[in-house]
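In: From the sequence below, what's the structure:
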Amino acid sequence: MKYLLPLFFLLPVLAFGQGKDSKITCTDERLLQAETLKKSGIVLPVFKHYCYSDQSGNYVLYLTEKQDVRQDIKQNIKQGEEKLSRAVEAHLLKIEAGKSLSSIASIRDKANADEAGMEFWSKLTEIGDIDKDGNIESIIVYRFYNKGDDGLADRSAYSGRIKIVMLYKGSKVVIRAVTGDLDGERETTSTDNFFALPATLQKHLVQKMAAMYRDDQYGFDNSYQFKPVSKSIKAKIK
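Out: Prediction:
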């Protein structure tokens, strides 16, 4: 992920990386063994994996990417090659007493045929007990890129779409956003279970989008102070 989130003080839970906190550092090499991944239904290459514990048990979260779209970069300050993906997956598994893994939640998504590709924004991954109830919440962010005039991914903050997924007590809360240069092109919707979340978690997700907007990372619709609209209600209106 090429974008950073410097305004950490706005968010009560930091975005973590491997090795920075004992609660999310994976020390069991078995978790990356081919046989373990195969048994867990993980077929794409592992991009990141995180381990954590809370009052309900021990868990491992895998972020996996296909990384099958290569793009040559020729800019004033950067040259070389980067890889995007046509598909990404995330898998949250519980580590049982016998060290077997049981699936709690999965995310599987693909880029559209007319898009340049997609990738996880791993620097925006969050793992922490946001609402202080003794259970860990995970927030995963990934972005889809439009093709620019040169055929490469358009990384402008006002191009493409993005998804923010919170894994909360075994369920998936999904925020979907599309952006554009004009206000009318921007839209942020969510699954209905977003509105059933504790107020602390709803506020945290809204603050996260607001911080990304202020940092010119992504041009969210701010018509309702960054609060998403129900996807089902939006569909009925249309």
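
In: Show me the beta-bridge partners of the most centrally placed residue in the chain.
Out: Central residue of the chain (CA atoms, centre = their mean): Val141, 1.8 Å from the mean position. Beta bridges link Val141 to Ile164 when assigned by DSSP bridges.

In: please begin residue numbering at 58 from this point
Out: Will do, 58 is the new start, and the previous item becomes Val198.

In: Please determine how far it is located from Arg218.
Out: According to CB to CB, to the nearest Å, Val198 and Arg218 sit 12 Å apart. From N, CA and C alone the C-beta is placed, and that goes for glycine too.

In: who touches the residue lying closest to Ala162 once chain neighbours are set aside in this structure?
Out: Here the nearest residue to Ala162 in space, its sequence neighbours aside, is Leu149; by CB to CB, 6 or more residues apart in numbering that works out to 4.7 Å. Going by CB atoms under 8 Å, 6 or more residues apart in numbering, Leu149 touches 116-119, 160-163, 195, 224.

In: Now, of the residues you listed, which are buried?
Out: Buried members of the contacts of Leu149, counted by 16 or more other CB atoms under 10 Å: 116-119, 161-163, 195, 224.

In: Report the buried residues of stretch 95-111.
Out: Residues of stretch 95-111 classed as buried: 97, 99, 101, 104-109 (neighbour count, 16+ other CB under 10 Å).

In: and if you look at stretch 213-228?
Out: In stretch 213-228, counting by 16+ other CB under 10 Å, buried: 216-225.

In: Let me have those in JSON lines, adding pLDDT as columns.
Out: What follows is these, written out as JSON lines (pLDDT from 0 to 100):
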{"residue": "Ser216", "pLDDT": "97"}
{"residue": "Gly217", "pLDDT": "97"}
{"residue": "Arg218", "pLDDT": "98"}
{"residue": "Ile219", "pLDDT": "98"}
{"residue": "Lys220", "pLDDT": "98"}
{"residue": "Ile221", "pLDDT": "98"}
{"residue": "Val222", "pLDDT": "98"}
{"residue": "Met223", "pLDDT": "98"}
{"residue": "Leu224", "pLDDT": "98"}
{"residue": "Tyr225", "pLDDT": "97"}
